[in-house]
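Asks: please find the sequence and the predicted model below.
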Amino acid sequence: MTTQASATEVAVSAHARGLRWAAAVLRTARPRQWPKNLLVFAAPLAGASLGRRDGLLYALAAAAAFGFASAAVYFVNDVADVDRDRLHPRKRYRPVASGALPRRHAVVLGAVFAAIGLAVGGLIAEPLLAATVAGYLALSFLYSLVLKNIPVVEVMFVASGFLLRVLGGAAATHVPPSGWFLLVCSLGAFGVAIAKRYTELTSLGDEAVRHRPVMRYYRPAKLRIAQIAVGAAMIAAYLAWAAGEHAGVRLWHLVSALPLTLALIRFGFLTGRRTAALVEDLLTRDRLMLACELIWLTLFVTGLYQTGG
């Protein structure tokens with residue numbers, strides 16, 4: 001009986017360890033960041049078309065490709081930054097930093113996820129998608145090794161991750177994005193990246209440099225001015241894009257600039273409160289922010305239906 005009980009305890013213990021390991025893997029993959037991959041639908045949405053036949057499935061494939069690729073980046077980055085993360089008030093609880101997920105496992109999983117992300121383009125016979133994912137992985141790993149220490153440039157490369165998702169969705173669905181549309185997306189991504197640095201600097205203060213050395217080159221006031229300037233430029237580009245639309249859709253899209261502007265103002269207010277919350281949470285969990293985004297989307301889509309009619 002003792003031997004049987006001992007064997008049962010070992011089995012239960014192994015099962016519990018397996019569950020903890022799986023939970024650590026999931027946490028490292030950052031599920032709360034997955035909504036970023038919905039940016040693959042941006043070009044089809046702006047073009048009021050899913051492009052090729054079964055375009056929705058191709059867009060979903062692009063989202064999956066970037067989902068695996070971004071997870072690969074998170075796993076590798078957590079290994080590269082493990083010592084610095086252990087000194088961070090929030091990041092020290094990440095699975096790799098806390099020891100819940102061994103570094104070796106994280107590296108292997110990162111390689112597997114990167115391979116899957118790259119393979120999706122081949123599986124759907126879309127080399128441009130594979131090239132976009134490869135570009136995303138290359139830039140992300142280059143960022144981790146070198147670019148994260150170069151001021152301004154590192155912010156631009158953070159923003160490039162958003163833009164590459166947009167381009168990946170366009171490639172998968174065969175919906176070519178306009179120049180104005182890409183400018184709006186680029187400025188929006190750049191503004192979010194600047195906000196990330198601003199909130200990190202204001203919430204951590206002098207400790208920010210210990211966790212991210214490049215922060216020594218930034219000043220809160222200058223980052224704030226840059227965030228406002230980029231937001232204003234984004235609205236100007238959006239208005240220029242909307243003004244160039246067909247008569248049936250032009251008015252709806254021009255009007256949609258109002259809730260978009262209010263969303264940016266709300267975003268600026270939220271990031272200005274010296275919050276330690278993730279910027280992504282400010283975009284997706286604030287009720288007023290969500291209301292502005294929903295109103296914008298409603299007006300935007302209504303304009304597209306007017307065009308279709």
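Replies: That came through, no problem.

Asks: any idea which residue sits dead centre in this structure?
Replies: The residue lying closest to the centre of the chain (Cα atoms, centre = their mean) is residue 36, at 4.0 Å.

Asks: tell me the SS of it?
Replies: What DSSP: H, G, I helix; E, B strand; the rest coil gives for residue 36 is helix.

Asks: which residues does it contact?
Replies: 66, 70, 161, 162, 165, 280 (Cβ atoms under 8 Å, 6 or more residues apart in numbering). No exception for glycine: its C-beta is placed from N, CA and C like everyone else's.

Asks: those in helices, which ones?
Replies: 66, 70, 161, 162, 165, 280 (DSSP state H).

Asks: and the last one, how far is that from residue 302?
Replies: If I follow you right, that is residue 280. As judged by Cβ to Cβ, to the nearest Å, residue 280 and residue 302 stand 27 Å apart.

Asks: how much space between residue 164 and residue 251?
Replies: 32 Å.

Asks: who's more crowded, those two?
Replies: residue 164 (22 against 14; other Cβ atoms under 10 Å).

Asks: pretty sure that one contacts residue 137?
Replies: No: counting by Cβ atoms under 8 Å, residue 164 does not reach residue 137; the two are 9.7 Å apart.

Asks: quick check: the residue nearest to the centre of the chain vs residue 198, distance?
Replies: From residue 36 to residue 198 the distance is 19 Å (Cβ to Cβ).

Asks: next SSE downstream of the lowest-mean-pLDDT helix or strand in the chain?
Replies: Scoring the helices and strands of the chain by mean pLDDT, DSSP states H and E places helix 2-28 at the bottom, with a mean of 73. Once the chain leaves helix 2-28, the next helix or strand it forms, by DSSP states H and E, is helix 42-46.

Asks: pull the residues that contact that following helix.
Replies: 50-51, 55, 59, 165-167, 169-170, 173, 175-178, 181, 185, 300-301, 304.

Asks: try 10 Å this time
Replies: Applying Cβ atoms under 10 Å, 6 or more residues apart in numbering, the contact partners of helix 42-46 are 38-39, 49-51, 55-56, 58-59, 162-163, 165-178, 180-182, 184-185, 188, 241, 253, 297, 300-301, 304.

Asks: need the contact list for the residue nearest to residue 28 when sequence neighbours are not counted.
Replies: Among residues not flanking residue 28 along the chain, residue 95 sits closest, at 5.0 Å (Cβ to Cβ, 6 or more residues apart in numbering). Residue 95 is in contact with 20-21, 23-29, 75, 78, 101-102, 105-106, counting by Cβ under 10 Å, 6+ apart.
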